[in-house]
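S.K.: no letters, just coordinates:
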Ligand SMILES: Nc1ncnc2c1ncn2[C@@H]1O[C@H](COP(=O)(O)OP(=O)(O)OP(=O)(O)O)[C@@H](O)[C@H]1O
């Protein structure tokens, strides 16, 4: 469960999100909207990649970022830093561009990096990496150079890097843009099977069939919030 309370974000002095209030406990949540409407900014708030200019984001009961008007109370700062760590640990984020996510030269090393930080024993690290790669149908990529992968292969490796961490919630920002039909279908099957809460930003409206809830963002505001067909119909009517 994640809660947005009076959240606004400004960038370069320009308002990008306006006074967002949401309580999101649903298992499958989609975020749609036209280019530049604020979807990625909203998605990045989920795991603290973006901080509110005003308001709070809370995972469970922990505040993620203080209202910036709260002042420089060092104690409040510490708890906000703890809350941010909590959020980063529990919410995995899959970037639109996998090059922003893949760090190490060999696929297996890249997937192992976060698991080492969690101080998991080598056996458990190997087990998780193998199971995740098999699940995504990319087991044969384990020993490849990451810079030699195709765009779609990189996108799947970036997703694997998040899944191995087993976060409580997974946020994906347009994860299908580089995928062929087979891998798009595979990704959908993987998402359907995940037990975690999933938040998906997409222009690919068909992916949202079967989702519990879809948010339509327009000019930094949530202008529709409901079941997929209702909200995607409203979106299509904006473009008509
Ligand atoms: N660093 C920045 N400085 C100023 N404006 C920014 C900055 N980053 C993003 N913006 C603006 O914020 C608005 C929202 O951007 P955002 O990336 O959230 O949109 P989006 O809905 O994800 O778009 P798309 O569908 O094109 O990916 C856009 O108008 C964008 O130009």
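M.R.: Thanks, I have it. Just so it is clear, the structure is predicted and the values come from calculations on it, not from any experiment. Residues are numbered from 1 along each chain as shown.
S.K.: so which residues on this protein come close to the ligand?
M.R.: The interface of the chain toward the ligand, taken as Cβ under 6 Å from any ligand atom, is made up of 11-12, 14, 16, 33, 35-41. In short, each C-beta sits where N, CA and C put it, glycine included.
S.K.: please tabulate those residues in CSV, including the columns distance to residue 50 and neighbour count.
M.R.: Converted to CSV, the residues of the chain next to the ligand look like this (distance: Cβ to Cβ, whole Å; neighbours: other Cβ atoms under 10 Å):
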residue, distance to residue 50, neighbour count
11, 9, 12
12, 14, 5
14, 14, 8
16, 9, 19
33, 16, 23
35, 18, 6
36, 15, 11
37, 15, 20
38, 10, 23
39, 12, 22
40, 9, 19
41, 6, 18
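S.K.: from these, which ones fall inside strands?
M.R.: Counting by DSSP state E, those place 11, 14, 16 in strands.
S.K.: export those to TSV and tack on distance to residue 55 and pLDDT?
M.R.: Formatted as TSV, these follow (distance: Cβ to Cβ, whole Å; pLDDT from 0 to 100):
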residue	distance to residue 55	pLDDT
11	15	94
14	17	93
16	13	97
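S.K.: the residue nearest to residue 167 when sequence neighbours are not counted: what's it in contact with?
M.R.: Nearest non-adjacent residue to residue 167, counting by Cβ to Cβ, 6 or more residues apart in numbering: residue 92, 3.7 Å away. Counting by Cβ atoms under 8 Å, 6 or more residues apart in numbering, residue 92 touches 47, 162-163, 165, 167, 169-171.
S.K.: show me the shaky parts of this protein.
M.R.: Within the chain, the stretches with pLDDT under 70 are 61-78.
S.K.: surely the residue nearest to residue 167 is in a strand?
M.R.: Yes: assessed by DSSP: H, G, I helix; E, B strand; the rest coil, residue 92 belongs to a strand.
S.K.: quick check: it vs residue 158, distance?
M.R.: 10 Å (Cβ to Cβ, to the nearest Å).
S.K.: try residue 131
M.R.: 17 Å.
S.K.: do the same with residue 204
M.R.: Relative to residue 158, residue 204 is positioned 17 Å away (Cβ to Cβ).
S.K.: show me which of the two is the more surrounded one.
M.R.: Between residue 204 and residue 158, counting by other Cβ atoms under 10 Å, residue 158 is the more crowded of the two (24 against 16).
S.K.: just confirm that one is within a strand.
M.R.: No: counting by three-state DSSP, residue 158 falls outside a strand, being helix.
S.K.: what bridges to the residue lying closest to residue 45 once chain neighbours are set aside?
M.R.: Leaving aside its sequence neighbours, residue 45 sits nearest to residue 57 (Cβ to Cβ, 6+ apart; 5.3 Å). Beta bridges link residue 57 to residue 4 when assigned by DSSP bridges.
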